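**Q** predicted coordinates and the sequence they were generated for:
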Amino acid sequence: MKRDGFLTFLPWAAPWLAGFMLFTALPVGLGIWYAFTDYTLLEPPIMVGTKNFARLADDPILGTVAWNTFFFGLLSIVVGTVLSIALAVLLSKPARFQAFWRSAVFVPSVLPLIAVAAIFKLGFDGELGAANQMLGLIGVEGPNWFGSGAWAWAALLMMSLWGVGPAVVIYLAGLRDVPKQLHEAASLDGVGSWGRFVHVTLPMISPVILFNVVIGIINAAQVFVVPLVMTGGGPGRSTYFFAMYVYDQAFQYGDMGYASVLGLVQFAAILVLTGLVLLLGQRFVYYRGA
Amino acid sequence: MKVLNSQTSITRRAALGAFGAAAASYAFLGGTRRNDIPAGRIVLDYWEKWTGHEAAAMQTVVDAFNASQDRWWVNYLSVSGLDRKAKIAIAAEDPPDLLGLWHRNIPFFRRSGALMSLESLGRSRDDYASVLRPILFGDVQDAAPTTCSSIALYYDRAMFREFGFDPDQPPATIPEFDEVINALTIRDQDGKVERAGFLPGDPGWWNWSYGPFFGGQMYDAATDQAMVNSPGMIRAYEWVQSFPQRWGLENLRRFQGALVDNPSPYRNFFSGRLATTLQGPWVAKFMQEEMGDNLMDYAAAPFPVDPSVQDAANPHGSIECDVLVVPRNVRHPEGSLAFVSFLQQPENLEELASGHGKPSPLVKPSASFLAEHPNRSIEVHQNIMVSQNAFAEPFTEVWPEFSNSLGAGMSKIDVLQATPAEAFTQVQEEVEAQLTRAAARRALRESRL
């Protein structure tokens, strides 16, 4: 019987299994192997032991890209979380055209990121961009957004908020699960709306916040397309992020071995940060029925 | 309520039928072959970077080749991110038959043994300008030029006349140029720049190239040594840094951030906000496209140099060259070589160069090429091409990484975060490490041969 079930399952799962083996398991395995080799892509890999790992210690660019990625992740997760919770709270209130507003928040995240990044690049163009034109309407002289690190970061952060839609949808679902009785009880005790939000809503949706923060960490650690298209890592290396450095090592500089090491470091960093957040979550996250 | 049985909701026969229908659809509708290729021709795939009028110029040559014989058919494809895609295609042993690269790609592809010899073309090194020889020849010739360019100073002759400068005597030295820049620059009473006489970072494509105008050199190919913090380099970038110092960093940022109704990279020059600019010969074609009948009265001259390196007979200027290569393991090497050989005929090279608005890569272009060229200053570019003082980007496989370090250092110079000496000391350290690493990798490969 069990064997029959397995034989029925296998052909249906085979396409996924084949895809997983070919496009995930095999590249990961090869990546681990390449980390111990010198590999230019155009010539066969040569084993070099742990030489690529030793290079991490005296790589002058690694610190810059790691800090940029960490700081960008921190800012985008904090700002993104606050904004998406605020939007979710607003969208959970009864309003005219509620379905339209909800769709309007979600739809931007459906667009391909590379196209959105290209549009935003034009939007923030110092000479032609809509951002400066709008600032001009209120009498403010817009900056040369990509001419200084601080303004380039501001543009990237604003762009990162473009994709809050999925998080908002998850928060909306979380908000619907907050028992009304708790709000009613708090109201009877004289707690105002802000107090109810802080002491009832937030603890009740804390598992959802944890989930979104973990997803945010994974996404932030891999930030790539948007800065690549919008700033190319500049000016200087002010918007040069970890995944861009991995890409450059692999495909621009022809050092697939070191790129693989960087990829493993990135994976380990995501693992450690996620573990830390989950540990913190045990202290701050409230699970109903736990 | 009826509950669907998962075992029976989709039968095995239905699933097989669906797969079969999909396969049959692909067989009949998918993977269709172009129907304009004459029967019996062997198709050669040619990946090239150009689009627009540049692609059209090469398509003209391709069409002529396809019409000139009945065995091969070159299929021209414009490909973005060409060098990266080519690396992957060659690594996968499925390269295009012909590949149009930038000259800066050649050291890496050559060092990796990815290029086929083009010795059968029978070209001598002397056929090409001296600056092109290391680009086209390794141990043997393995790259052929398609189009080459030299970079020069472009200016509006009417503006020169208006401010009392002789447009036929453009500045030849940096002090003369500074005088012109200061005279042509217009600033309002608050110090904001309304018109810049020149800006080293506009359009920003040759920010690496100022060193040789001051006698500097950032890389010595003979010894494989970085020289980024050499005195000539530092003097050059002190001059570059003098622009935010003399006009104010914020004023320059405002100038670059001001609204201009033109998406072109040439917008500041074409609109008159920038009086002079460092540009390639193709600018004349774009001027024609963008300005039409209101064409400015432009001219080009070699970029001014420090008086200590002035050499009127051998003007200074950077060159760049697009090259055609045949990757290793192509399916039809004979056909690939036939096309390269066809393209290298002087009349075809000149037709392509003229279509791009560029000088000829050959030492001696024809008189008709110069006379009928769309750029009225083409002789300036042609002279730089064959000059002993022409120079190119450092010709090393670490250039992509080198230029990343250089760009980071130059950004600090541009925004007055560091003096050129400070910025270039750090760049020098980074580039030395890159060159040492590259040498070690080469030694490792050679030890395995």
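**A** Sure, I can see it. Residues are numbered from 1 along each chain as shown, chains lettered A, B, ... in the order given.

**Q** any idea of the pLDDT on B:Pro263?
**A** Note for B:Pro263: predicted pLDDT of 63.

**Q** kindly apply the preceding question to A:Met47 instead.
**A** So A:Met47 comes in at 95 (pLDDT).

**Q** what is the burial count for the nearest residue to it once chain neighbours are set aside?
**A** Spatial nearest neighbour of A:Met47, chain neighbours left out: A:Thr37 (5.6 Å); criterion: CB to CB, 6 or more residues apart in numbering or on different chains. Using the backbone N, CA and C atoms, a C-beta is placed for each residue, glycine as well. Counted with other CB atoms under 10 Å in any protein chain shown, the neighbours of A:Thr37 add up to 17.

**Q** looks like A:Thr37 contacts A:Ala259 (just checking).
**A** No. A:Thr37 lies out of contact with A:Ala259 (CB atoms under 8 Å); the separation is 11.3 Å.

**Q** identify the residues contacting whichever strand or helix holds B:Pro145?
**A** Using DSSP states H and E, B:Pro145 sits within strand B:144-150. Strand B:144-150 has contacts (CB atoms under 8 Å, 6 or more residues apart in numbering or on different chains) with B:58, B:100, B:118, B:121, B:123, B:128-129, B:132, B:136, B:280-282, B:317-325, B:340, B:343-344, B:349, B:352-353, B:356, B:358-361, B:381-382, B:384-385, B:390.

**Q** would you map the strands across the chain?
**A** No chain in the question, so chain A it is. With strands called from DSSP state E, chain A shows them at A:37-38, A:46-47.

**Q** can you look at chain B instead?
**A** B:42-48, B:72-78, B:98-102, B:144-150, B:152-156, B:186-187, B:193-195, B:219-220, B:225-226, B:276-279, B:298-301, B:317-325, B:390-391.

**Q** could you list the low-pLDDT ranges of chain A?
**A** Applying pLDDT under 70 to chain A picks out residues A:1-2, A:127, A:289-290.

**Q** show me what from it comes close to chain B.
**A** Counting by CB under 8 Å from any CB of the partner chain, chain A comes close to chain B at A:8, A:38, A:40-43, A:46, A:48, A:58, A:60-61, A:126-128, A:132-133, A:136, A:141-145, A:147-148, A:233-238, A:248, A:251-254.

**Q** let's see 7 Å
**A** By CB under 7 Å from any CB of the partner chain, the residues of chain A that approach chain B are A:38, A:40-43, A:46, A:60, A:126-128, A:132-133, A:136, A:141-144, A:147-148, A:234-237, A:251-254.

**Q** what about these, which are in helices?
**A** In helices, judged by DSSP state H, the following of those are found: A:Asn132, A:Gln133, A:Gly136.

**Q** between the residues you listed, which is nearest A:Pro207?
**A** A:Asn132 (41.9 Å; CB to CB).

**Q** only the buried subset of the residues of chain A next to chain B, as a ChimeraX command please.
**A** Remark: buried members of the residues of chain A next to chain B, expressed as a ChimeraX selection using 16 or more other CB atoms under 10 Å in any protein chain shown:
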select /A:38,40,41,42,43,46,126,127,128,132,142,143,144,147,148,234,235,236,237,251,252,253,254
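
**Q** show the contacting residues for the residue lying closest to A:Ala118 once chain neighbours are set aside.
**A** In space, A:Ala118 comes closest to A:Val229 once its chain neighbours are excluded; the distance is 5.7 Å by CB to CB, 6+ apart. The neighbours of A:Val229, taking CB atoms under 7 Å, 6 or more residues apart in numbering or on different chains as the test, are A:Ile114, A:Ala117, A:Ala118, A:Lys121.

**Q** A:Val285 now?
**A** So A:Val285 contacts A:Ser206, A:Pro207, A:Leu210 (CB under 7 Å, 6+ apart).

**Q** again, but for B:Gly197
**A** So B:Gly197 contacts B:Val180, B:Ile181, B:Asn182, B:Leu184, B:Thr185, B:Ala275, B:Thr276 (CB under 7 Å, 6+ apart).

**Q** do that again at 10 Å, thanks
**A** B:155, B:159, B:163, B:177-186, B:243, B:247, B:274-276 (CB atoms under 10 Å, 6 or more residues apart in numbering or on different chains).

**Q** tell me how far it lies from B:Pro307.
**A** 19 Å (CB to CB, to the nearest Å).

**Q** list the buried residues in stretch A:4-13.
**A** Buried-residue list, stretch A:4-13, by 16+ other CB under 10 Å: empty.

**Q** same question, stretch B:155-171
**A** B:Tyr155, B:Asp156, B:Arg157, B:Met159, B:Phe160, B:Phe165, B:Pro167, B:Pro170, B:Pro171.

**Q** using CSV, please lay out these together with pLDDT and distance to chain A.
**A** Listed next are the buried residues of stretch B:155-171 as CSV, based on pLDDT from 0 to 100; distance: CB to the nearest CB, whole Å:
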residue, pLDDT, distance to chain A
B:Tyr155, 97, 21
B:Asp156, 94, 20
B:Arg157, 95, 26
B:Met159, 94, 21
B:Phe160, 95, 25
B:Phe165, 96, 28
B:Pro167, 96, 28
B:Pro170, 97, 27
B:Pro171, 97, 27
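
**Q** A:Asn144 against A:Asn132, yeah?
**A** Yes. Using CB atoms under 10 Å, A:Asn144 makes contact with A:Asn132 at a distance of 8.9 Å.

**Q** circling back: B:Asn404 is nearest to which of the strands of chain A?
**A** strand A:37-38 (20.3 Å).

**Q** show the secondary-structure elements that the closest one is packed against.
**A** Contacts defined by 3 or more CB pairs under 10 Å, 6 or more residues apart in numbering or on different chains; DSSP states H and E place strand A:37-38 against strand A:46-47, helix A:51-54, helix A:256-284, helix B:420-448.

**Q** from A:Thr274, how far out is the residue most central in space within chain A?
**A** With distances taken as CA atoms, centre = their mean, the residue of chain A nearest its centroid is A:Asn219 (2.3 Å). Note on A:Asn219: its distance to A:Thr274, by CB to CB, is 12 Å.

**Q** how about the closest residue to chain B within the stretch 151-290 of chain A: what's its closest non-neighbour residue?
**A** Going by CB to the nearest CB, chain B is nearest to A:Gly236 of the stretch 151-290 of chain A, at 3.6 Å. Residue nearest to A:Gly236 in three dimensions, not counting chain neighbours: B:Ser411, with 3.6 Å by CB to CB, 6+ apart.

**Q** residues near that neighbour, how many?
**A** B:Ser411 has 22 nearby residues by other CB under 10 Å.

**Q** name all residues that make contact with it.
**A** A:147-149, A:234-238, B:201, B:207, B:417-418, B:423.

**Q** contacts only, for residue 256.
**A** Because you didn't say which chain, this covers chain A. A:Met256 neighbours (CB under 10 Å, 6+ apart): A:30-31, A:34-35, A:37-41, A:45, A:52, A:249-250, A:263, B:91.

**Q** not quite, I wanted chain B
**A** B:Gln256 sits in contact with A:Gly126, A:Glu127, A:Pro143, A:Asn144, A:Phe146, A:Gly147, B:Val193, B:Ala196, B:Leu199, B:Gly201, B:Asp202, B:Asn268, where contact means CB under 10 Å, 6+ apart.

**Q** where does chain B dip in pLDDT?
**A** Those would be B:1-10, B:12, B:26-35, B:257-263, B:449, if you go by pLDDT under 70 across chain B.
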